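Student: have a look at this prediction, sequence included:
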Amino acid sequence: MASKSEIVHAKKIFSILKKEYPSVKPALNYTNAFELLIATILSAQCTDARVNIVGESLFKKYRTPEDFFKVTNEELEKDIRSTGFYHQKAKSIKECSKILVEKYSGQVPADFDALTNLPGVGRKTASVVAGNAFGIPAIAVDTHVKRLSNILGFIHSDNPEKIEMKLKELLPEGDWINSSHYLAAHGRKVCIARRPHCLQCVLADECPSFNPESK
DNA sequence: CTCCCGATAT
DNA sequence: ATATCAGGAG
């Protein structure tokens, strides 16, 4: 599916990003798989910085799935309100916690399909947890990965699953987990959605969307 | 496809 | 005022 030249192009770009962001890591703060799962659910349409602020106090109050399951929806909504979409997120977190307790003895399943079957968990959240908590090869396609994949010419599509599959064709399995971190880091710092800094971009020579009048 | 919805940058 | 932020469910 992916041509030789596409693979060479992608390899060059990720080689540059790897040098640019040597200590790449998940932008969300967490100390275990369960916290990462909850934090990633909260991160939908919300900055990682905001989730980290909410998470700091949240994970002092709620340490296990049982803690989330016991609390009322109203109280949980109040505790996560500033991440937005709080009604749906609180509902997802409570239902999700219930299933973790009843079906997985309180543990987060280390399996992609089991994760996507949890309420409030789609491919992106499942990929983040599978990859970062359990080391299972996966590519999390968030808004940055989606935007940069199109800007850099890996694909022309808004469909997250198609983008995920294309990136998996372009990259060796061992690079899958970090690839989304590189694209997200670059998307936050340089290739910003509102205002891309093309003149400061290390990928300028490789980028089909390079704009010399960018800034 | 639409709806969910707060915080921040521009 | 408007766009955007590590999306997912109905």
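Tutor: Received the coordinates, thanks.
Student: get me the contact residues on chain A for DNA strand C.
Tutor: A:26-28, A:40-41, A:43-49, A:84-85, A:88, A:92, A:118-126, A:128, A:132, A:140, A:142-144, A:147, A:160, A:180-181, A:184, A:187-188, A:193-194 (Cβ under 7 Å from any atom of the strand). Glycine gets a C-beta too; all of them are placed from N, C-alpha and C.
Student: mark which of those residues are buried, thanks.
Tutor: In terms of neighbour count (16 or more other Cβ atoms under 10 Å), the buried residues within those are A:26-28, A:40-41, A:43-44, A:46, A:48, A:92, A:118, A:120-121, A:123-126, A:128, A:132, A:140, A:142, A:144, A:147, A:160, A:180-181, A:184, A:187.
Student: which of those fall within helices?
Tutor: Using DSSP state H, the members of these that fall in helices are A:40-41, A:48, A:92, A:123-126, A:128, A:132, A:144, A:147, A:160, A:180-181, A:184, A:187.
Student: ok, and of the residues of chain A next to DNA strand C, which contact DNA strand B?
Tutor: Within the residues of chain A next to DNA strand C, those near DNA strand B by Cβ under 7 Å from any atom of the strand are A:45-47, A:84-85, A:88, A:194.
Student: make JSON lines out of those and add pLDDT and distance to A:Leu58.
Tutor: As requested, those are exported to JSON lines (pLDDT from 0 to 100; distance: Cβ to Cβ, whole Å):
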{"residue": "A:Gln45", "pLDDT": "94", "distance to A:Leu58": "18"}
{"residue": "A:Cys46", "pLDDT": "95", "distance to A:Leu58": "13"}
{"residue": "A:Thr47", "pLDDT": "94", "distance to A:Leu58": "16"}
{"residue": "A:Gly84", "pLDDT": "97", "distance to A:Leu58": "15"}
{"residue": "A:Phe85", "pLDDT": "97", "distance to A:Leu58": "15"}
{"residue": "A:Gln88", "pLDDT": "97", "distance to A:Leu58": "17"}
{"residue": "A:Arg194", "pLDDT": "92", "distance to A:Leu58": "29"}
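Student: tell me which two of those sit farthest apart.
Tutor: A:Gln88 and A:Arg194 (25.9 Å; Cβ to Cβ).
Student: distance from stretch A:203-215 to the middle of the chain?
Tutor: 25 Å (Cα atoms, centre = their mean, to the nearest Å).
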